[in-house]
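A.B. asks: Next comes the sequence, and after it the predicted model I'd like to discuss.
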Amino acid sequence: MKTLLILTMHGSPPNDFPKRELAEFFGLHARFEAAPHSMDEASRTRYAALDLKMRQWPRTAENDPFHAASLSLAQQIEIESGLETRVCFNEFCAPTLEEAVKGAVEEGFQRIVMVTPMMTRGGEHAEHEIPAQIQTLQSRYPATRFIYAWPFEEREVARFLSAQVRRFLE
């Protein structure tokens, strides 16, 4: 079965995005998160335009070190897992999970595994948004098998973090 691994990252605005538009975006973003139905059509349209502009902004290691680190992590995961690995982003960057899955399905991937480095329960993206998106994608692509490799076992996270601490104490 042709399998793809999608590393689902948070995302970060590029540091060279126009500051005025960044401030406007975050003002609209706060309104959208709090009460999306209370926004007028012009505000929703402007928010969508700024979101698209930010997601499509050219990324480099200099203007978005998080993006560059995400791609690097995906390369390491591909080496470790033996699975072709791609990156998607919850916010601020492209591609979205929906875009990544659409491309994968069009390329003939029959099984798509998603994982996020967000390791603790209780986070909005990892615990609610990603599973909801996967459920929607599963209904859109019923012939594709979706696996969300989350949540992490607390004991395994504790071991991983403890090993990291020990590295710095040696």
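C.D. replies: Arrived safely. Numbers count the residues shown, from 1 in each chain.
A.B. asks: quick one, domains of this protein?
C.D. replies: Here the domain parsing of the chain from automatic domain parsing is 3-10+65-169, 19-55.
A.B. asks: Pick the most buried one from the ones you listed.
C.D. replies: domain 3-10+65-169 (a mean of 15; mean count of other Cβ atoms under 10 Å). For every residue, glycine as well, the C-beta is placed using N, CA and C.
A.B. asks: quick one: average confidence on that domain?
C.D. replies: Computed over domain 3-10+65-169, the mean pLDDT rounds to 97.
A.B. asks: now the helices for this structure?
C.D. replies: Along the chain, counting by DSSP state H, helices occupy 19-34, 41-55, 65-81, 97-106, 124, 130-140, 154-169.
A.B. asks: The fifth one: how far from the chain's middle?
C.D. replies: The gap between where helix 124 is centred and where its chain is centred comes out at 12 Å by Cα atoms, centre = their mean, to the nearest Å.
A.B. asks: And for stretch 43-54?
C.D. replies: The answer for stretch 43-54 is 18 Å, by Cα atoms, centre = their mean.
A.B. asks: one step back: which stretch among the helices of the chain comes nearest residue 115?
C.D. replies: helix 65-81 (7.9 Å; Cβ to Cβ).
A.B. asks: what about the closest one, distance to the chain center?
C.D. replies: Using Cα atoms, centre = their mean, the offset of helix 65-81 from its chain centre is 13 Å.
A.B. asks: same question, stretch 159-170
C.D. replies: Using Cα atoms, centre = their mean, the offset of stretch 159-170 from its chain centre is 27 Å.
A.B. asks: And stretch 113-133, by the same measure?
C.D. replies: On Cα atoms, centre = their mean, the centre of stretch 113-133 falls 9 Å from that of its chain.
A.B. asks: So what sits opposite the most centrally placed residue in the chain in the bridge?
C.D. replies: For the chain, the residue sitting closest to the mean C-alpha position, by Cα atoms, centre = their mean, is residue 89 at 2.6 Å. Assessed by DSSP bridges, residue 89 has beta-bridge partners residue 9.
A.B. asks: pretty sure it is touching residue 9, no?
C.D. replies: Yes. Counting by Cβ atoms under 8 Å, residue 89 does reach residue 9; the two are 5.2 Å apart.
A.B. asks: Which neighbours do the two have in common?
C.D. replies: residue 70 (Cβ atoms under 8 Å, 6 or more residues apart in numbering).
A.B. asks: ok, now how distant is the closest residue to residue 47 other than its chain neighbours from residue 45?
C.D. replies: Spatial nearest neighbour of residue 47, excluding adjacent residues (Cβ to Cβ, 6 or more residues apart in numbering): residue 28 at 4.0 Å. Plainly put, residue 28 is 10 Å away from residue 45 if you go by Cβ to Cβ, to the nearest Å.
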